[in-house]
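Visitor: kindly generate the corresponding structure for this input.
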Amino acid sequence: MDFGELVKIRQSDRKYRPQPVEKEKIMQCLEAARLAPSACNSQPWRFVVVDSRSLLGDLADAAAGLGMNGFARQAPVIVAVVLEKMNATAKIGSMLKSKDYSMMDLGMAVEHFCLQAADLGLGTCIMGWFDEKKVASLLGVPRSRRIPLLISLGYPDAPTRGKVRKSVGEMSSWNSYVPAEAAAAQSEVGSSAE
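Guide: Residues are numbered from 1 along each chain as shown. Predicted coordinates for the structure are as follows:
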């Protein structure tokens with residue numbers, strides 16, 4: 001699939017068909033995540049794939065709380081993304097620059113996973129709202145590790161939606177920082193002068 005088309009169809013899917021996801025397709029998604037870039041090649045992630053029916057129910061309950069993520073109960077697969085320790089070089093760089101490189105790395109790996117899923121006709125939803133302690137307990141994740149994200153995975157049971165996003169002018173500028181409000185005002189002045 002053309003990359004431009006792929007980024008248009010990738011969305012947060014919150015409705016899934018009961019159809020199981022083939023292991024080969026899950027492996028392709030994991031391979032895409034494995035190949036994601038990371039600071040100093042640290043690769044500070046571990047993906048825990050859950051497809052066991054009994055465990056999925058408990059995991060979905062941990063994801064669904066206060067009216068959030070009820071759709072997780074439909075997902076035939078949920079992937080827990082565990083934040084692993086950075087290597088020494090990445091950790092030093094992260095401290096010196098006051099930037100959490102590991103979270104940036106994790107984001108890239110997760111997006112690689114989700115883009116590959118979309119390319120295979122699968123749907124995903126990245127979840128940050130869940131009972132992390134319960135998920136860690138269910139999956140045997142040690143206390144020294146964090147689980148920043150869960151990803152639901154399955155065959156979507158809803159059409160692809162149109163994307164509502166800021167314009168390129170609102171989210172970017174050239175050669176210097178221009179706040180979105182100023183860019184919008186500048187655009188309005190430019191269009192009224194025409």
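Visitor: what about residue 80, which SS state?
Guide: Residue 80 carries the three-state label strand when classified by DSSP: H, G, I helix; E, B strand; the rest coil.
Visitor: and it, what pLDDT?
Guide: What the model reports as pLDDT for residue 80 is 98.
Visitor: that one reaches residue 141, doesn't it?
Guide: Yes: with contact defined as Cβ atoms under 8 Å, residue 80 counts as touching residue 141 (7.3 Å). C-beta: built from backbone N, CA, C; applies to glycine.
Visitor: got the CA coordinates for stretch 164-179 in PDB?
Guide: Written as PDB, here are the backbone C-alpha positions of stretch 164-179 (Å, rounded to 0.1, in the frame of the first residue of the first chain):
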ATOM      1  CA  VAL A 164     -10.200  15.900  11.300                       C
ATOM      2  CA  ARG A 165      -6.800  17.500  11.800                       C
ATOM      3  CA  LYS A 166      -5.200  21.000  12.000                       C
ATOM      4  CA  SER A 167      -4.100  22.400   8.700                       C
ATOM      5  CA  VAL A 168      -0.500  22.200   7.700                       C
ATOM      6  CA  GLY A 169      -0.200  25.900   8.300                       C
ATOM      7  CA  GLU A 170      -1.500  25.500  11.900                       C
ATOM      8  CA  MET A 171       0.900  22.700  12.800                       C
ATOM      9  CA  SER A 172       4.100  23.900  11.000                       C
ATOM     10  CA  SER A 173       6.200  26.900  10.100                       C
ATOM     11  CA  TRP A 174       9.300  27.400   8.100                       C
ATOM     12  CA  ASN A 175      12.600  28.800   9.400                       C
ATOM     13  CA  SER A 176      11.200  30.100  12.700                       C
ATOM     14  CA  TYR A 177       8.600  29.300  15.300                       C
ATOM     15  CA  VAL A 178       5.200  30.800  14.500                       C
ATOM     16  CA  PRO A 179       2.400  30.100  17.000                       C
END
